[in-house]
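**Q** Have a look; sequence and predicted model below, questions after that.
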Amino acid sequence: MVMSLQSIYAFRAFGLESFAGGTTGKAIAVELGPVLTALMLAGRAGSGIATELGTMRITEQIDALESMAVNPVQFLVLPRLIAATIVAPILTLLFFVVGMGGAYFVAIIVEHVDQGAWVSNLRDIVEPIDVIQGMIKACFFGFMVALVGCYQGYHATGGGRGVGLGTTRAVVIASVTTLVTDYFLSDILLSVFSHK
C-alpha cells in the first residue's frame, strides 16, 4: 500500500499514475515478495528451527538418536529443509496477492486512479515470468533459511546461553545471506529470462 501510494505521487507529476499498479506489481513479484517473505521466515521459522534443534542438542536427544542408529540429519534436518523449500514460494505468492490487493485499494479507492488503465498497465508490465522468477528465488531463500537454522541449532553448545546465541546467529546470518544471494540470483535470472 505504501509503495502504491508513493508510486502514484511520483507518477502523478507526469500524468502517469495508472502505471503505479504495474510498477508495484513488478517490484513485489520479482523482489519484495521473495525477499521480505524470506526475512520474515528467518525471524519466525529460522529462529524456531535453531531453538528446537539447539535444545535437542544440549539435552542430548540428538545423541540418543545416534545411539539408536537413527541418522539425525535425515530424521531432523531433511524434513525441515524440504518443508521450507516448498512453503517459501507459497508464502511469496500469498504476499503478492495480498500486496496487490492493498495496491489496488490505495490506487482505485483512495487515490481515484482510473481502474481500467491501472489494470491494463498491470497486465502489460507484470508478466507470468516475473512471478515465476520470484517463486524460484523464494525456493532458494526458504532452503537457505532452514539450512542456516538447522546448522546453528545442530551445532549449539554451552547450555541455554548457547541455544540463545545460536538462535540469534541463525536469524542474522539467514537475513544477510538472503540479501546477498538476492543480488546474484537476480543477476542470473535476469540473464536467463531476459532473452525473449
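**A** That came through, no problem.
**Q** how much space between residue 180 and residue 193?
**A** 21 Å (CB to CB, to the nearest Å). Every C-beta, even on glycine, is put in place using the N, C-alpha and C of the backbone.
**Q** and the two? which has more neighbours close in?
**A** Between residue 180 and residue 193, counting by other CB atoms under 10 Å, residue 193 is the more crowded of the two (14 against 10).
**Q** which element is residue 78 on?
**A** helix 78-104 (DSSP states H and E).
**Q** which parts of that helix are buried?
**A** 80-81, 84-85, 87-89, 91-93, 95-96, 99-100, 102-104 (16 or more other CB atoms under 10 Å).
**Q** Over to stretch 109-127?
**A** 111, 113, 118, 119, 121, 122, 125, 126.
**Q** what do you get for stretch 184-196?
**A** So for stretch 184-196, counting by 16+ other CB under 10 Å, buried means 185, 186, 189.
**Q** What of stretch 158-170?
**A** Quick answer for stretch 158-170 (16+ other CB under 10 Å): 162, 163, 165, 166, 167, 169, 170.
**Q** Check the chain for its longest helix and report it.
**A** Of all the elements of type helix in the chain, the one with the most residues (DSSP state H) is helix 159-193.
**Q** what about that helix, average pLDDT?
**A** Regarding helix 159-193, the rounded mean pLDDT is 93.
**Q** Relative to the whole chain's centre, how far out is it?
**A** When C-alpha coordinates are averaged (CA atoms, centre = their mean, to the nearest Å), helix 159-193 and its chain have centres 10 Å apart.
**Q** any weak-confidence spans in the protein?
**A** 195-196 (pLDDT under 70).
**Q** mind running it again at 90?
**A** 12-13, 15-17, 60, 63, 66, 69-70, 157-160, 191-196 (pLDDT under 90).
**Q** Okay, the residue lying closest to residue 102 once chain neighbours are set aside and residue 41: tell me how far apart.
**A** Computed as CB to CB, 6 or more residues apart in numbering, the closest residue to residue 102 that is not its neighbour in sequence is residue 1, at 3.9 Å. According to CB to CB, residue 1 and residue 41 sit 22 Å apart.
**Q** Pick out whichever of the two has more residues nearby.
**A** residue 41 (28 against 15).
**Q** Tell me the secondary structure at that one.
**A** helix (DSSP: H, G, I helix; E, B strand; the rest coil).
**Q** for it, what are its contacts?
**A** If you count contacts by CB atoms under 8 Å, 6 or more residues apart in numbering, residue 41 has them with 84, 87, 88, 91, 141, 142, 145, 174.
**Q** which ones are touching residue 131?
**A** Counted by CB under 8 Å, 6+ apart, residue 131 has contacts 29, 93, 96.
**Q** Thought residue 99 was touching residue 32, still the case?
**A** Yes: taking contacts as CB atoms under 8 Å, residue 32 lies within contact range of residue 99: 7.3 Å.
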